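A.B. asks: Here you go, sequence then predicted model.
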Amino acid sequence: MLYCVEMDVHIPETWSEEKLKDYITREQQTSQKYQKSGKWVYLWRVAGQYSNISILDVESPDELHQILTELPLFPYMTMKVKSLCKHPNAIRETML
Ligand SMILES: O=C(O)C[C@H]1C=CC(=O)O1
């Protein structure tokens with residue numbers, strides 16, 4: 001199942017540089033683990049915003065939820081999730 005997830009990051013202004021660095025390092029480790037596994041297919045930065053657009057290919061909504069909530073920055077992000085299916089006019093068989 002394919003999902004498009006938009007994640008807007010909201011870092012509390014009270015965080016120290018050290019705390020921010022720690023979260024960003026752990027965030028990178030977690031997202032790269034799933035990118036290497038093939039489940040996190042695309043990760044794009046939205047130009048000019050602390051926001052990303054991601055495409056994930058997972059077995060179920062439960063698995064998507066498990067991955068997203070594993071992200072250290074999950075409590076500090078607003079997420080919009082869209083479930084994707086094949087467009088009838090798409091010329092390619094595979095969606096990715
Ligand atoms: O910087 C972001 O967009 C937040 C985040 C989500 C995955 C990741 O690697 O970083």
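C.D. replies: Cool, got the structure. Residues are numbered from 1 along each chain as shown.

A.B. asks: Report the contact partners of K39.
C.D. replies: Counting by CB atoms under 8 Å, 6 or more residues apart in numbering, K39 makes contact with 56-58, 63, 67. No exception for glycine: its C-beta is placed from N, CA and C like everyone else's.

A.B. asks: Which parts of this structure are helices?
C.D. replies: 17-37, 61-70 (DSSP state H).

A.B. asks: For the ligand, find the nearest of these.
C.D. replies: helix 17-37 (3.3 Å; CB to the nearest ligand atom).

A.B. asks: same for the closest one, what does it pack against?
C.D. replies: strand 40-45 (3 or more CB pairs under 8 Å, 6 or more residues apart in numbering; DSSP states H and E).

A.B. asks: Now do the strand it packs on, average pLDDT.
C.D. replies: Averaging pLDDT along strand 40-45 yields 98.

A.B. asks: tilt between it and helix 61-70?
C.D. replies: Orientation of strand 40-45 against helix 61-70 (axes from the mean of the first three to the mean of the last three CA atoms, to 10 degrees) gives an angle of 40 degrees.

A.B. asks: export strand 40-45 as PDB, just CAs?
C.D. replies: Extracted C-alpha coordinates of strand 40-45, given in PDB (Å, rounded to 0.1, in the frame of the first residue of the first chain):
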ATOM      1  CA  TRP A  40      10.400   4.600   2.700                       C
ATOM      2  CA  VAL A  41      10.600   5.100  -1.000                       C
ATOM      3  CA  TYR A  42      11.000   8.800  -1.400                       C
ATOM      4  CA  LEU A  43      12.000  11.600   1.000                       C
ATOM      5  CA  TRP A  44      11.800  15.100  -0.500                       C
ATOM      6  CA  ARG A  45      12.300  18.500   1.300                       C
END
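
A.B. asks: List the neighbouring strands of it plus their orientation.
C.D. replies: strand 51-57 (antiparallel) (DSSP bridges).
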